[in-house]
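[1] Predicted coordinates and the sequence they were generated for:
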Amino acid sequence: MRLRVKPAMTRTIVGFSVIAGSTRNLFFVAFMTFVETIKIENGTIHNLDFHQERMCRTAFLHYETKPEIRIDIATIPPHLQNDRVKCRVLYASNILSVEFHAYQPKKIQSLQLVTDNEIEYTHKSTDRNALNRLFDQRKEADDIIIVKNGQLTDSSFANLVFEAHTGELFTPNSPLLAGTKRSFLLKNGIIKEQKIRIEDLSAYKKVYLINAMIDLEDEISVLVDGIKNMD
């Protein structure tokens, strides 16, 4: 049974929602929280429609609400105004917080294949425990590629785009999380979906990591030779 919390009657206290009834009857209800990470650069908010659609879909499924993302560019701290800004929108039944942070891309030069046939991360939850446990299995690699039921899915923090020897770009058709950048690239015909298994890796020369903050042009990529197979 899913918990339903009406936003007008709640305030947030460290992962719990305080439901206000009478002054003699206050009680705590645990709830799931989700996050949208949005890129802001040179005053432009990127792919806001994709983030809004995913937020509404997620919140409606869990709480039957449709919160609206509202970002005031003027509230970005002055020292971040000229940087690539990571806007973190935390929400449950309604918007809980909006934060701005400087963004520093990760350096990824190698990837380790890890398997988990049970993992689920359909919604961008703040609960990343399952992903973190898999990340801890990376050995000497910088990050991981998660294999589920024999198919490649995502890294620990990004969707994947494989460049074939022909130059065509393909993303696995079985991602754990359908990211907003991935959706944008698919909608614009820049990438195509493809079933990609471990044994298919030889058909590709490079894999790009993409997410809301990382574009293909940022070249966060690893040669297929840099993907370490499972022992």
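    Noted; the coordinates are in hand. Given the structure is predicted, the values throughout are model-derived calculations rather than measurements.
[2] Quick one: the helices in this structure, in order.
    48-63, 129-135, 180-187 (DSSP state H).
[3] Need the ones you listed in TSV (columns: mean neighbour count, mean pLDDT and distance to residue 160).
    Bear in mind the C-beta positions are built from the backbone N, C-alpha and C, glycine included. Converted to TSV, the helices of the chain look like this (neighbours: other CB atoms under 10 Å; pLDDT from 0 to 100; distance: least, CB to CB, whole Å):
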stretch	mean neighbour count	mean pLDDT	distance to residue 160
helix 48-63	18	97	18
helix 129-135	15	98	14
helix 180-187	19	98	9
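[4] Distance to residue 152 added to these, as TSV?
    Output for the helices of the chain, formatted as TSV (distance: least, CB to CB, whole Å):
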stretch	distance to residue 152
helix 48-63	22
helix 129-135	13
helix 180-187	14
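[5] Go through these and name the closest to residue 112.
    The minimum distance between residue 112 and the helices of the chain falls on helix 129-135, with 9.4 Å, by CB to CB.
[6] quick one on the thing from earlier: out of the helices of the chain, which gets nearest to residue 141?
    Comparing these by CB to CB, helix 129-135 comes nearest, at 9.9 Å.
[7] Just the CA coordinates for the closest one, please, in CSV.
    C-alpha atoms of helix 129-135 as CSV (Å, rounded to 0.1, in the frame of the first residue of the first chain):
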residue,chain,number,x,y,z
ASN,A,129,21.8,2.4,-1.0
ALA,A,130,21.5,-0.3,-3.6
LEU,A,131,23.5,1.8,-6.1
ASN,A,132,26.2,2.6,-3.5
ARG,A,133,26.6,-1.1,-2.6
LEU,A,134,27.3,-1.9,-6.3
PHE,A,135,29.6,1.1,-6.6
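[8] so what does it touch, helix or strand wise?
    strand 143-148 (3 or more CB pairs under 8 Å, 6 or more residues apart in numbering; DSSP states H and E).
[9] Pull up the pairing partners for the strand it packs on, direction included.
    Its sheet considered, strand 143-148 pairs with strand 111-115 (parallel), strand 151-152 (antiparallel) by DSSP bridges.
[10] of the helices of the chain, which approaches residue 200 most closely?
    Taking those one by one with CB to CB, helix 180-187 is closest: 18.5 Å.
[11] any weak-confidence spans in this structure?
    1-30, 230-231 (pLDDT under 70).
[12] Residue 99 and residue 79, how far apart?
    14 Å (CB to CB, to the nearest Å).
[13] Equivalent analysis for residue 200, please.
    45 Å.
[14] Between these two, which has more neighbouring residues?
    Using other CB atoms under 10 Å, the more surrounded residue of residue 200 and residue 79 is residue 200, with 15 against 8.
[15] how does this protein divide into domains?
    Under the assignment automatic domain parsing, the domains of the chain span 7-102, 111-228.
[16] Out of those domains, which one sits most buried?
    Among those, domain 111-228 has the highest mean neighbour count (mean count of other CB atoms under 10 Å), at a mean of 17.
[17] how far out from the middle of the chain is it?
    Centroid displacement of domain 111-228 relative to its chain, using CA atoms, centre = their mean, to the nearest Å, is 11 Å.
[18] same thing with stretch 49-69?
    Mean-position distance between stretch 49-69 and its chain equals 15 Å (CA atoms, centre = their mean).
[19] now swap in stretch 107-124 and tell me
    12 Å.
[20] contact partners of stretch 158-176?
    For stretch 158-176, contacts defined as CB atoms under 8 Å, 6 or more residues apart in numbering pick out 119-122, 145-146, 148-149, 151-154, 177-179, 181-182, 185-186, 190-196, 203-211, 214, 216, 220-221, 224.
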